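Trainee: Give the three-dimensional model of this entry:
(one chain, ligands or ions: 1)
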Amino acid sequence: MLAAGLKPGDEVITTPITFCATINAIIHTGAKPVLVDVEPDTMNIDPVQIQAKINHKTRAILPVHFAGRPCNMDALCDIVQQHDLKLIEDCAHAIETEYKGQKAGTFGDFGCFSFYVTKNIVTGEGGMVMSRSEEDAARIKILALHGMSKDAWKRFGDEGYKHYKVVECGFKYNMMDLQAAIGIHQLQRVEPYWQRRQEIWQTYNEAFADLPIELPPEVEAETRHAYHLYTVMVDEEKAGISRDGFLNAMTAENIGVGVHYLGIPEHPYYQQTFDWKPEDYPNAMRIGRQTVSLPLSAKLTDEDVEDVILAVKKIIKHG
Ligand SMILES: *Cc1c(COP(=O)(O)O)cnc(C)c1O
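Mentor: Residues are numbered from 1 along each chain as shown. I've put the predicted structure just below:
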């Protein structure tokens with residue numbers, strides 16, 4: 001956000017269906033997050049509604065490729081060009097994501113990846129920023145290591161001690177070599193893990209086809225889904241059980257479940273700070289109140305997948 005040049009008073013347009021980190025990263029620069037509701041089916045930011053939120057303070061658009069499904073990048077890139085905005089992609093779910101043959105994270109000025117333990121590859125903690133320009137990449141490196149001039153990374157190298165200069169007030173946001181050593185070996189697992197998650201995804205789709213719950217929409221043509229999350233929607237009127245009832249029942253069956261995500265305007269901090277109301281983002285509100293993420297990991301055995309299916313079918317009766 002800082003490398004994108006964001007300053008207090010600027011506005012950044014983003015989605016209410018995301019992890020709080022997306023929003024907090026904007027706030028930490030002093031800029032103001034501005035939410036635009038998601039599409040009801042893809043759960044990604046709705047480009048059609050962005051136009052109405054753009055004003056003279058708008059500096060950037062921050063889309064999230066939710067669950068690994070690419071956003072409508074043609075539409076987003078058009079808007080960004082038209083209004084001369086920065087584009088920062090949150091690719092935390094999107095290591096494998098592609099849109100019309102192009103990798104997520106390469107459309108905008110920055111693509112931001114997470115290697116936190118819940119993601120498709122992990123380094124314990126850590127992540128990666130890709131940038132279009134060398135200059136931006138250099139700024140990120142400086143900001144990530146106390147604001148020391150860029151050679152500071154090599155100051156204890158084999159070629160002897162290198163002087164550094166502090167050129168701005170930076171942070172301690174560097175990844176450790178230890179973490180990188182884990183991460184570099186995870187890279188070769190990206191494809192086989194993705195294959196296995198796709199298989200599980202399809203098994204779930206077939207198993208749940210007749211149940212009165214909403215399944216993830218088909219993967220759009222000319223895109224690649226990262227299959228990071230498998231989310232179903234539990235509408236109490238149709239399913240005969242509330243979303244939270246379903247979460248509890250699954251837990252009682254010893255199946256781990258998650259919620260991605262309660263809409264951002266549901267949280268007290270954002271309500272108090274920005275006066276956001278869930279009702280103003282109806283699609284996000286419905287998704288946040290109905291969605292459940294089922295186990296989706298390459299490490300699930302066929303028996304694990306069968307356990308999940310049996311539990312869901314026990315709890316949700318045919319319509
Ligand atoms: C996990 C996640 C983040 C934060 O990543 P960290 O590496 O934990 O900081 C940001 N955005 C989304 C959508 C995420 O899922």
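
Trainee: Excluding sequence neighbours, find me the nearest residue to the closest residue to the ligand within the stretch 101-250 of the chain.
Mentor: With distances taken as CB to the nearest ligand atom, the stretch 101-250 of the chain approaches the ligand most closely at Ser114, which sits 3.2 Å away. C-beta coordinates here come from the backbone N, C-alpha and C atoms, glycine included. By the measure of CB to CB, 6 or more residues apart in numbering, the closest residue to Ser114 outside its immediate chain neighbours is Ala92, 4.0 Å from it.

Trainee: With the ligand as the reference, measure out to that neighbour.
Mentor: 3 Å (CB to the nearest ligand atom, to the nearest Å).

Trainee: so who does that residue touch?
Mentor: 19, 21, 64, 112-114, 116, 119, 127 (CB atoms under 8 Å, 6 or more residues apart in numbering).

Trainee: Alpha carbons only: can I get the helix or strand containing Gln195 in CSV?
Mentor: Following DSSP states H and E, the helix or strand that holds Gln195 is helix 190-208. Included here for helix 190-208 are C-alpha records, laid out as CSV according to Å, rounded to 0.1, in the frame of the first residue of the first chain:
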residue,chain,number,x,y,z
VAL,A,190,1.8,-26.5,-6.1
GLU,A,191,0.7,-28.5,-9.1
PRO,A,192,0.1,-31.9,-7.5
TYR,A,193,-1.7,-30.3,-4.6
TRP,A,194,-3.9,-28.3,-7.0
GLN,A,195,-4.8,-31.5,-8.9
ARG,A,196,-5.8,-33.2,-5.7
ARG,A,197,-7.9,-30.3,-4.5
GLN,A,198,-9.6,-30.2,-8.0
GLU,A,199,-10.5,-33.9,-7.6
ILE,A,200,-12.0,-33.3,-4.1
TRP,A,201,-13.9,-30.3,-5.4
GLN,A,202,-15.5,-32.4,-8.2
THR,A,203,-16.3,-35.2,-5.7
TYR,A,204,-18.1,-32.7,-3.5
ASN,A,205,-20.0,-31.2,-6.4
GLU,A,206,-21.3,-34.6,-7.4
ALA,A,207,-22.1,-35.7,-3.9
PHE,A,208,-24.0,-32.6,-3.0
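
Trainee: Can you name the next helix or strand after that helix?
Mentor: Once helix 190-208 ends, the next helix or strand along the chain (criterion: DSSP H and E) is strand 223-224.

Trainee: that older thread, list the contacts for the residue of the stretch 101-250 of the chain closest to the ligand?
Mentor: Residues in contact with Ser114 (CB under 8 Å, 6+ apart) are 92, 126-127.

Trainee: For the protein, which residues are neighbours of the ligand?
Mentor: Applying CB under 6 Å from any ligand atom, one finds that the chain approaches the ligand through 18-19, 21-22, 64, 90, 92-93, 114, 116, 127.

Trainee: Now pLDDT and secondary structure too, for the residues you listed, in a markdown table please.
Mentor: A markdown table is the format used below for those (pLDDT from 0 to 100; DSSP: H, G, I helix; E, B strand; the rest coil):
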| residue | pLDDT | secondary structure |
| --- | --- | --- |
| Thr18 | 98 | coil |
| Phe19 | 98 | coil |
| Ala21 | 98 | helix |
| Thr22 | 98 | helix |
| Val64 | 98 | strand |
| Asp90 | 98 | strand |
| Ala92 | 98 | coil |
| His93 | 98 | coil |
| Ser114 | 97 | strand |
| Tyr116 | 95 | coil |
| Gly127 | 94 | strand |
